[in-house]
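Visitor: here is a sequence with its predicted model. Questions after.
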Amino acid sequence: RDGLRTSLLGQSIVYHETIDSTNTMAQKLALNGAPEGTLVIADEQTAGRGRRGRNWFSPPHSGVWMSLILRPQLPVAHAAQITLVTAVAMARALTRLTGVEAGIKWPNDILFDKRKCCGILTEMHAEFDQVHHLVLGIGINVNVPQEQFPEELQSIATSLQGVKGVPIPRAEVVRAVMEELEPLYRRYVDGGGFASIREDWKRSNITLGRQIVAQTARGPITGEALDIDEFGVLLVRREDGETEKIYSADILFA
Ligand code: BTN
């Protein structure tokens, strides 16, 4: 909050020590007219949510669990692009904070090496086919000693402390994220669209060029992640040579 060099994001901050989910709280505030840029932060979440109904491990004092209210004028079909824009900001912020390169796994994970450090959960409220508001939920494992992760996360999760070797003040993490996100978000909404972010995304990504399995609602699609198009859609070349467009999926590296 102090010394936040933004003019929009995080200009109003709502803090809770313990909360079920900052995304749920941000939804309520957004429906009650909270301005764009309002940031909900909690020290601990008792029911932190991940994508696809999964839980998000959110113990006290350990991470940045926060949700940002955004009000872009956007067709519903483009809303998922905000997650990609945010991922670019996250990768930059986490690289800067740790001095170690962070990579984007399409669409919403930030990894160090093969381990996930940050996830993004974008939830939308729509009116007809226009976005009314978005809640951008960001979870970053900051000061979690590796042994504190639950058994099932041991091999797939890491924290900034784990990467850097020393604890990082969480306020610094919040600040870095807001300051990286604001210019990218503005460029995106002020007419640039995802096309204006695409090259930046590619620079930070660790998805393209790899053999993947995309778990989609239509079933798994296996092949090489070829490219991301100007709308943020992932293009995958299947083994039979056909190229598939992937709009939403969980990606596993083969
Ligand atoms: C994922 O990778 O599945 C997304 C994880 C998103 C977690 C964050 S923590 C803050 C916000 N509140 C929630 O309940 N979830 C998001």
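Guide: Happy to help now that I have it.

Visitor: before we move on, which element is the one residue in the stretch 51-200 of the chain that gets nearest to the ligand in?
Guide: Closest to the ligand within the stretch 51-200 of the chain is residue 119: 2.1 Å, counting by C-beta to the nearest ligand atom. Backbone N, C-alpha and C define where each C-beta goes, glycine included. If you go by DSSP states H and E, residue 119 is part of strand 115-127.

Visitor: that strand: which residues count as buried?
Guide: Neighbour counts over strand 115-127 (16 or more other C-beta atoms under 10 Å) mark 115, 116, 117, 118, 119, 120, 121, 122, 123, 124 as buried.

Visitor: the last one against residue 131, yeah?
Guide: Yes. Taking C-beta atoms under 8 Å as the contact criterion, residue 124 and residue 131 are neighbours in contact, 5.9 Å apart.

Visitor: identify the contacts common to the two.
Guide: Residues touching both residue 124 and residue 131 by C-beta atoms under 8 Å, 6 or more residues apart in numbering: 76, 79.

Visitor: low-scoring stretches of the stretch 1-150 of the chain, by residue?
Guide: 1-2 (pLDDT under 70).

Visitor: where do the helices sit along the stretch 1-150 of the chain?
Guide: Taking DSSP state H, counting those that start in this stretch, the helices of the stretch 1-150 of the chain run over residues 22-31, 81-98.

Visitor: can I get those helices in CSV with mean neighbour count and distance to residue 147?
Guide: What follows is the helices of the stretch 1-150 of the chain, written out as CSV (neighbours: other C-beta atoms under 10 Å; distance: least, C-beta to C-beta, whole Å):
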stretch, mean neighbour count, distance to residue 147
helix 22-31, 20, 26
helix 81-98, 23, 20
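
Visitor: let's have the ones you listed in JSON lines, adding distance to residue 164.
Guide: Shown next, in JSON lines, are these (distance: least, C-beta to C-beta, whole Å):
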{"stretch": "helix 22-31", "distance to residue 164": "24"}
{"stretch": "helix 81-98", "distance to residue 164": "4"}
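
Visitor: OK, contacts around the residue of the stretch 51-200 of the chain closest to the ligand?
Guide: Applying C-beta under 8 Å, 6+ apart, the residues near residue 119 are 50, 51, 56, 108, 109, 110, 138, 139.

Visitor: how about it, nearest residue that isn't a chain neighbour?
Guide: Nearest residue to residue 119, sequence neighbours excluded (C-beta to C-beta, 6 or more residues apart in numbering): residue 139, at 5.1 Å.

Visitor: quick check: residues of this structure near the ligand?
Guide: For the chain, the contact set with the ligand under C-beta under 6 Å from any ligand atom comprises 21-23, 45, 48-51, 54, 56, 58, 65-67, 108-109, 119-121, 137-139.

Visitor: what bridges to the residue nearest to residue 119?
Guide: Taking DSSP bridges as the rule, residue 139 bridges to residue 65, residue 119.

Visitor: okay, now it: neighbour count?
Guide: Neighbour count of residue 139, defined by other C-beta atoms under 10 Å: 25.

Visitor: these two touch, right, it and residue 63?
Guide: Yes. Between residue 139 and residue 63 there is a contact under C-beta under 8 Å: 6.4 Å.
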